[in-house]
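Novice: Next comes the sequence, and after it the predicted model I'd like to discuss.
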Amino acid sequence: MTCKNADKIITQFLDDDLNNQELGDFLNHIDNCPECKEELTIQFLVKVGMKRLEDGNNFNLKYELDNMLGDARKRLNMRRYLFFASLILEFLVAALAVSTVVLAIAIG
């Protein structure tokens, strides 16, 4: 992912509106690009910080952003796990169907 692409989808990340591929690419880029991590931090500060100020709440935005990134990594790992688990289940169902057909032919 390029910096230009990462910059374009920061808002989508903050809104939790990225698919698995986009989220994985974005997180990898943010982990390795200090400039884009800084831009993410700025946009997060603007979006979340302004809301917190309006609400009069106390906040630690660095901690919140770090938590948001950590949660996004956990969600991505869970999505990948569920995707692979569904592939395994589909394979098992197909194998069971083939076994059933072979058994039916052998009995018949």
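Specialist: Received it, and whenever you're ready, just let me know what you need. Numbers count the residues shown, from 1 in each chain.
Novice: Next, count neighbours for the residue lying closest to Gly24 once chain neighbours are set aside.
Specialist: Sequence neighbours aside, Leu76 is the residue nearest to Gly24 in space, at 5.7 Å (criterion: CB to CB, 6 or more residues apart in numbering). No exception for glycine: its C-beta is placed from N, CA and C like everyone else's. Using other CB atoms under 10 Å, Leu76 has 18 neighbouring residues.
Novice: Contact partners for Leu76?
Specialist: Contacts for Leu76 (CB atoms under 8 Å, 6 or more residues apart in numbering) come out as Asn20, Leu23, Gly24, Leu27.
Novice: please redo it, this time with the cut-off set to 10 Å
Specialist: Leu18, Asn20, Gln21, Glu22, Leu23, Gly24, Phe26, Leu27 (CB atoms under 10 Å, 6 or more residues apart in numbering).
Novice: Is there a quick ChimeraX command that grabs whichever of the residues you listed are buried?
Specialist: A single ChimeraX command selects the buried members of these (16 or more other CB atoms under 10 Å):
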select :18,22,23,24,26,27
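Novice: Please save the CA atoms from stretch 81-90 in CSV.
Specialist: The C-alpha trace of stretch 81-90 is given here as CSV (Å, rounded to 0.1, in the frame of the first residue of the first chain):
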residue,chain,number,x,y,z
TYR,A,81,-9.8,-17.3,11.3
LEU,A,82,-13.5,-17.4,10.5
PHE,A,83,-12.8,-17.3,6.8
PHE,A,84,-10.5,-20.3,6.9
ALA,A,85,-12.8,-22.2,9.3
SER,A,86,-15.6,-21.7,6.7
LEU,A,87,-13.3,-23.0,4.0
ILE,A,88,-12.6,-26.1,6.0
LEU,A,89,-16.2,-26.7,6.8
GLU,A,90,-17.1,-26.4,3.1
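Novice: Give me the distance between the most centrally placed residue in the chain and Phe44.
Specialist: Centroid-nearest residue in the chain: Leu76, 3.7 Å away (criterion: CA atoms, centre = their mean). Separation of Leu76 from Phe44 (CB to CB, to the nearest Å) stands at 18 Å.
Novice: Show me which helix or strand of the chain is least confident by mean pLDDT.
Specialist: Ranked by mean pLDDT, DSSP states H and E, the weakest helix or strand in the chain is helix 50-55, scoring a mean of 75.
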